[in-house]
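J.: Sequence and predicted structure, then a few things I'm wondering about:
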Amino acid sequence: MDLGNDLPTNFTSPPLLPGLVNCVFDVLDKLATPTKIQALSLKYLVEPWTAGQENTPEEDSMAVSTVADRQPYKEYLLASETGSGKSIAYLLPMLQALKVSEVRRLAENAATPIASKRGLNPRALVLAPTHELARQLSATAKALVHEVKLRVLCASRANLPTRPGAEERAAAGKGGRRGSSAGRMKALMSFADDGEMGEFEVKETGPGTPAFPVDVVVGTPMKLMEMVRGRGWDRDVEFAGGPAAIYEMEKREEAKGDLSDADSKDKGPKRRRGRDSIPGVGEWRSSPEMGLSQVEWVIVDEADVLFDSDFQETTRMLLADIAKARGHEVPFITLPIGLLAPAPPKAEPVPLSSRAKEKAKTAEEQETAIAKAPGKAVAKRGPSVITPLNYPFNLLLTSASVPNWLSKYLNAYHPSLLRLVSPNLHHLPKSLKTEWVNWSGGNKSADIERRLRKVWAADAADGLGPGPESLGDMSKVLIFCNKNSHVEDLGTFLEEKGIKNIPLSAKSDTRKRGNSKHLEGFIRLPGRQATEQPLDDWSSSWVADEDAEEEEMLSVKAKAKAAPRALVPIVKQNIEPPAVKNDPMNVPHVMITTSFLSRGLDFSPNVKHVFIVDDPRSMVDFLHRAGRTGRAGENGKVVIFGKMAGRGSQQSQRIKKQVKALVA
Ligand SMILES: Nc1ncnc2c1ncn2[C@@H]1O[C@H](COP(=O)(O)OP(=O)(O)OP(=O)(O)O)[C@@H](O)[C@H]1O
């Protein structure tokens, strides 16, 4: 069946609620039209709203059924190239369905407002692999709900201590749960007191304190699991094997060395260091902070990452927990070997030619390989008969890459899943150009510096730059390396040459979990004036939109600090004169990083160049790195450094051919 016929060419109401359409135009542009993946979503995913539905919910309430007797929930895959607008493509149907169902349920139970009943029991979860992406997605969702008044929360590791303080441990007692003995803990959100965007914060409150209502929670699977089961839940898993298991785990992590992006993603179970790994101390657990019984929608963004060998256990455990909380238990199963993602590459990048060999391996060989692989102590065979997983909620997976193993997994466990795929999937966006820099084999950093200066020379020729007559901003450049050590070395080299830069590896001290300031100036913020807006303002727009009832629930301290409505949006004055701001020698115009920033993040249109200076580990890795520019139809260029001639050039030649095949 061709799903691509007669697709909508505009965002209109209906099928979308008028408030959603208005916000789409605010976020994008009044003239914006749906991208291909958004058109598919509008046609097949959006539960149409009909005029009057919002105003006369009583009529609709007649048709409402309970969770138990609803039609089976839907399962979808949205797959399209990088920068093609997947976030809005999945947020719109989800937000619309939440609003419509809220209106219907309100009518059903008009006496009790749904918000006060719900507490911290969201109706939708959005999962993302990094806290940076979670923040950006929640900011986009917040920008879409100003008029329909849904509540979106970003839950990141941010404001919570990573280890309990002495008092908490004493209160908890050995192996105890803090909640029971240290008084009742209720979860409240503090939106303004940390200047960040809706961070989750646990506060001690008296009995009867109203819980804050929330519709959508966005976060990493690990953070959400901590909120659901209580922080420290994964230590049961770690300690099940005793000290020997901890020792083995430490060794495995060390073996990954600095090539690994191990700390970049909030996956779990996590290795605990120092005192935290001492049995006894490590038994500390906090109380659960979030219920799952109301969850109607789960979005798995970057699905091939969240189902890969690092994340899949936590992701699937969370899905199983939601099912259980909703009264339809779906067992957490061991996956058969053929449906597991291959283990990530180890010490050195795997030459691309070996991928073919890898593919040719029989299932038997793969099993042996996995059994021997570090990090996989036991290779278990899954059930021989596969029973589809019918989760009692709508499940929407999305990605710009759908590898074979994921496709097989979905065929086996989600046979009724509707796949909405853009024709350009697994290709570079059409607006993205490629360029090859022939690395001489000498000082690569010097080659990179030369190419950077060429970028700005071209800008200057176009009238862009720091001068008073400037027609616009200088380009920003995102550089991808494979190793954290290379990130640091290149950063130092460029700094010495007078080029300001931000070296950001997964383990950088500057990568704060509590905010996204380390990305300031490089990522795009939702809204028309977004690129000019400082990051701090992400939260303020949301504070402004809370109902009076919700404001009541902010602590006195938070309220005192909250911006009065009249002042929002807060636009901070940029104290740097334009000449300085625009000068790559004064303000960083270069960010150097590894693949951990290659997933999902929507970089500013000022990032017109991505430099890939080390051989990409795979073509999937390449697609995601390159796709940080040339987004939403903007022009972009990916510059690939490789040894193109002479000895040792075979690898780069091979990559060049493979990249050519990705050009649409
Ligand atoms: N219909 C549209 N018209 C113009 N711009 C759009 C449209 N839809 C989305 N955009 C913009 O395109 C950019 C990329 O969107 P988004 O981040 O959702 O892409 P994506 O497909 O999820 O990319 P990735 O695979 O890298 O995660 C955003 O800045 C977004 O505001």
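T.: Yep, that arrived.
J.: Got phi/psi on the residue nearest to N606 when sequence neighbours are not counted?
T.: For N606, ignoring the flanking residues on the chain, the nearest one in space by C-beta to C-beta, 6 or more residues apart in numbering is K476 at 4.7 Å. Yep, even glycine has a C-beta here, placed from its N, CA and C like the rest. K476 adopts backbone torsions of phi -100, psi 150, taken as degrees, to the nearest 10.
J.: Hmm, L478 is touching V607, no?
T.: Yes - between L478 and V607 there is a contact at 5.3 Å, judged by C-beta atoms under 8 Å.
J.: what about the residue in the stretch 101-250 of the chain that the ligand sits nearest to, which SS state?
T.: Relative to the ligand, the nearest point of the stretch 101-250 of the chain is T140 (7.2 Å; C-beta to the nearest ligand atom). Put simply, T140 is helix when judged by DSSP: H, G, I helix; E, B strand; the rest coil.
J.: ok, back up a step: spit out the residues that contact L478 and V607 alike.
T.: Residues touching both L478 and V607 (C-beta atoms under 8 Å, 6 or more residues apart in numbering): F522, R628, T629.
J.: Cross-check the contact I'm expecting between the last one and L478.
T.: Yes - counting by C-beta under 8 Å, T629 does reach L478; the two are 7.0 Å apart.
J.: any common contacting residues for those two?
T.: With C-beta under 8 Å, 6+ apart, T629 and L478 have common neighbours F603, V607, H609, V610.
J.: Now rank those by neighbours and give me the top one.
T.: Neighbour counts for the shared contacts of T629 and L478 peak at V607, which has 25 neighbours (criterion: other C-beta atoms under 10 Å).
J.: Quickly list what it is bridged to.
T.: K476 (DSSP bridges).
J.: likewise V590?
T.: Beta-bridge partners, per DSSP bridges, of V590: V477, N501.
J.: okay, now it: neighbour count?
T.: Per other C-beta under 10 Å, the neighbour tally for V590 reads 27.
J.: Ok, D489 next?
T.: When neighbours are defined as other C-beta under 10 Å, D489 has 15 of them.
J.: Go ahead and confirm it touches S445.
T.: Yes - under the criterion of C-beta under 8 Å, D489 makes contact with S445 at 7.3 Å.
J.: Would you quantify the distance from E47 to the ligand?
T.: E47 sits at a distance of 20 Å from the ligand (criterion: C-beta to the nearest ligand atom, to the nearest Å).
J.: Which strand or helix spans that residue?
T.: Assessed by DSSP states H and E, E47 sits outside every helix and strand.
J.: The ligand: which of the shared contacts of T629 and L478 is nearest?
T.: Nearest to the ligand among the shared contacts of T629 and L478, counting by C-beta to the nearest ligand atom, is F603 at 8.9 Å.
J.: Quick one: residues contacting that closest one.
T.: L478, F522, I523, R524, R628, T629, R631.
J.: Next, give phi and psi for whichever residue of the stretch 351-500 of the chain sits closest to the ligand.
T.: The stretch 351-500 of the chain approaches the ligand most closely through A400 (3.7 Å), counting by C-beta to the nearest ligand atom. When read as degrees, to the nearest 10, the backbone of A400 gives phi -100, psi 0.
J.: Run a quick neighbour tally on it.
T.: A400 has 25 neighbouring residues, counting by other C-beta under 10 Å.
J.: Next one: it from R451, what distance?
T.: Distance of A400 to R451, computed by C-beta to C-beta, to the nearest Å: 26 Å.
J.: which phi and psi does the nearest residue to S604 once chain neighbours are set aside have?
T.: Leaving aside its chain neighbours, S604 sits nearest to R524 (4.8 Å; criterion: C-beta to C-beta, 6+ apart). Phi and psi for R524, reported as degrees, to the nearest 10, are phi -90, psi 140.
J.: R524 is in contact with D602, isn't it?
T.: Yes - using C-beta under 8 Å, R524 is in contact with D602, at 4.7 Å.
J.: Return every residue with contacts to both of these two.
T.: By C-beta under 8 Å, 6+ apart, R524 and D602 have these common neighbours: R631.
J.: So which bits of the particular helix or strand that has A97 in it are buried?
T.: Taking DSSP H and E as the criterion, A97 maps to helix 86-108. Neighbour counts using 16 or more other C-beta atoms under 10 Å place 86-105, 107-108 of helix 86-108 among the buried residues.
J.: What is the neighbour count of G627?
T.: Considering only other C-beta under 10 Å, G627 is surrounded by 26 other residues.
J.: Mind telling me what element the residue nearest to it when sequence neighbours are not counted is part of?
T.: Once flanking residues are discounted, G627 sits nearest to T82: 2.5 Å by C-beta to C-beta, 6+ apart. Assigned by DSSP H and E, T82 belongs to neither a helix nor a strand.
J.: right, and T82 touches R625 too?
T.: No - if you go by C-beta under 8 Å, T82 and R625 don't touch, sitting 9.4 Å apart.
J.: Would you mind pulling the contact partners of stretch 443-454?
T.: Here stretch 443-454 makes contact (C-beta under 8 Å, 6+ apart) with 437, 439-440, 477, 479, 489-490, 493-494, 497, 499, 584, 590, 611, 613, 639, 641.
J.: Buried residues in that stretch, which are they?
T.: If you call a residue buried by 16+ other C-beta under 10 Å, then stretch 443-454 has these buried ones: K444, S445, D447, I448, E449, R451, L452.
J.: just to revisit the earlier point, farthest-apart pair in the shared contacts of T629 and L478, please.
T.: Using C-beta to C-beta, the shared contacts of T629 and L478 span at most 10.7 Å, a distance reached by F603 and H609.
J.: any residues in contact with both of those two?
T.: Common neighbours of F603 and H609 (C-beta under 8 Å, 6+ apart) are L478, T629.
J.: out of the contacts of stretch 443-454, which are buried?
T.: 437, 439, 477, 479, 490, 493-494, 499, 584, 590, 611, 613, 639, 641.
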